[in-house]
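fold the stuff below for me.
(one chain, ligands or ions: 2)
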Amino acid sequence: MTTHIDEHASKHASSATPTLHPTSNLHVRSMAALPSPRQLLDELPLGDTRAELVESSRMDIRTIVSGADDRLLVVTGPCSVHDPAAALDYASKLAPLAAQFEQELCVVMRVYFEKPRTTVGWKGLINDPDMDETYDVPRGLRLAREVLLGVLDAGLPVGCEFLEPTSPQFIADAVSWGAIGARTTESQVHRQLASGLSMPIGFKNATDGDIQVAIDGCRAANAAQVFFGSDFDGRAALVSTTGNPDTHIILRGGRGGPNYQATNLETATGLLSKAQLPTRLMVDASHANSGKDHVRQAGVAGEIADMIAGGTDEISGVMLESFIVGGRQEPGPGPLVYGQSVTDACMDFETTEGVLERLANAVQKRRQQ
Ligand SMILES: O=C[C@H](O)[C@H](O)COP(=O)(O)O
Ligand SMILES: C=C(OP(=O)(O)O)C(=O)O
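Ligands and ions are numbered 1, 2, ... in the order given. Got it, this is the predicted structure:
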């Protein structure tokens with residue numbers, strides 16, 4: 001099959017290709033130019049009003065993560081965005097709830113465009129927006145940016161996982177909170193990246209359940225770093241960062257089972273204290289904490305709410321995987337159920353409403369302790 005990348009590569013083939021000995025690129029089929037971050041930002045600018053929301057929500061998240069604000073950060077939304085219209089529809093349903101619970105919760109919409117895979121699989125809207133292995137990344141980048149601007153226009157701040165080391169230049173100006181996932185939390189490349197990102201960043205524990213790697217990730221991201229990257233014109237660049245002071249860990253369970261219960265929190269806060277980091281963390285109600293079962297996820301979120309209501313103030317954030325329709329379906333170009341995840345199973349919207357209400361009530365009770 002001729003992919004978009006092949007067509008793009010032949011259009012942009014350079015006449016000045018260096019002489020390559022047969023030691024190079026033995027497994028590379030083609031390379032194609034991408035638009036530069038500057039081109040995309042010029043085409044789809046953030047604008048002053050959206051920038052104000054990004055700045056104020058980053059500040060809210062910072063103060064929640066540090067403990068100066070006693071609200072709960074709630075990152076909720078689909079496991080992945082595959083249909084921009086459905087993502088914006090979700091945003092329009094979530095925005096009134098975010099406003100309703102704003103005294104107790106700081107609601108950030110999970111808008112994930114890059115999916116880390118255990119082995120292989122669909123890698124998200126940016127990588128393959130048509131879900132047909134044509135990999136139209138320029139279109140994926142445009143769509144992703146349009147979705148980000150649309151979610152901000154609905155009045156919601158955005159949370160993303162950052163995966164490709166050079167993709168943040170295209171989207172990060174519109175993002176208020178970021179995650180480094182379980183599969184990359186030990187990666188130096190991702191820790192360096194986090195050290196230069198402008199928003200608070202959560203490091204997940206590893207897929208085997210190891211929490212120390214997430215703590216090490218925070219410490220590496222807190223430090224100044226110098227590393228290979230790219231500039232706004234897409235040129236290879238040496239990037240030098242100041243370090244990101246706003247990091248935290250995310251407990252997502254692991255191969256040994258869930259890690260959101262009181263004893264797990266005690267272990268995690270013990271390790272954080274030992275590392276001289278604030279004993280504040282986010283708990284992910286999905287992934288290995290729910291066995292990727294969306295029905296179980298609502299129960300886990302309820303248990304987390306009970307811990308918060310009981311006065312557990314180490315929990316500063318909760319992550320939920322939620323969409324319009326519950327469950328999941330296989331990704332692909334064929335007819336799909338509208339508003340249902342094509343990666344991990346998500347709670348439906350009605351269930352999410354109940355969970356948000358329960359979390360808000362829990363924060364009120366925690367305040368009375
Ligand atoms: O959150 C999504 C998935 O859990 C993650 O991307 C891994 O998915 P996979 O194990 O299906 O590849
Ligand atoms: C991939 C994700 O989670 P984890 O890194 O915890 O598997 C995710 O949150 O989409």
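
from here on, just use CA atoms for contacts and neighbour counts.
OK.

what about the strands in the stretch 51-200 of the chain?
Secondary structure of the stretch 51-200 of the chain (DSSP state E, counting those that start in this stretch): strands at 72-77, 105-110, 158-161, 177-180.

tabulate those strands (JSON lines), appending mean pLDDT, mean neighbour count and distance to ligand 1.
Below are the strands of the stretch 51-200 of the chain laid out as JSON lines (pLDDT from 0 to 100; neighbours: other CA atoms under 10 Å; distance: least, CA to the nearest ligand atom, whole Å):
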{"stretch": "strand 72-77", "mean pLDDT": "99", "mean neighbour count": "25", "distance to ligand 1": "12"}
{"stretch": "strand 105-110", "mean pLDDT": "98", "mean neighbour count": "27", "distance to ligand 1": "11"}
{"stretch": "strand 158-161", "mean pLDDT": "98", "mean neighbour count": "26", "distance to ligand 1": "10"}
{"stretch": "strand 177-180", "mean pLDDT": "99", "mean neighbour count": "25", "distance to ligand 1": "12"}
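
how about those in JSON lines, adding distance to residue 254?
Listed next are the strands of the stretch 51-200 of the chain as JSON lines, based on distance: least, CA to CA, whole Å:
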{"stretch": "strand 72-77", "distance to residue 254": "20"}
{"stretch": "strand 105-110", "distance to residue 254": "21"}
{"stretch": "strand 158-161", "distance to residue 254": "18"}
{"stretch": "strand 177-180", "distance to residue 254": "15"}
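
those: which one's closest to residue 242?
With CA to CA, the closest approach to residue 242 among those belongs to strand 177-180: 17.4 Å.

up against ligand 1, what does the protein have?
Applying CA under 6 Å from any ligand atom, we find that the chain lies next to ligand 1 at 79, 115, 116, 117, 118, 119, 343, 344.

so which of those is the most crowded?
Of all the residues of the chain next to ligand 1, the highest neighbour tally under other CA atoms under 10 Å goes to residue 79, namely 25 neighbours.

these two touch, right, it and residue 340?
No. Using CA atoms under 8 Å, residue 79 makes no contact with residue 340, being 9.7 Å away.

overlap of the contact sets of those two?
Residues within reach of residue 79 and of residue 340 at once, by CA atoms under 8 Å, 6 or more residues apart in numbering, are residue 346.

tell me how far the residue of the stretch 51-200 of the chain at minimum distance from ligand 1 lies from ligand 2.
Distance from ligand 1 to each residue of the stretch 51-200 of the chain (CA to the nearest ligand atom) is smallest for residue 117, at 3.4 Å. Per CA to the nearest ligand atom, to the nearest Å, residue 117 is found 8 Å from ligand 2.

for that residue, give me the pLDDT.
As predicted, residue 117 sits at a pLDDT of 98.

for it, give its distance to residue 194.
Separation of residue 117 from residue 194 (CA to CA, to the nearest Å): 20 Å.
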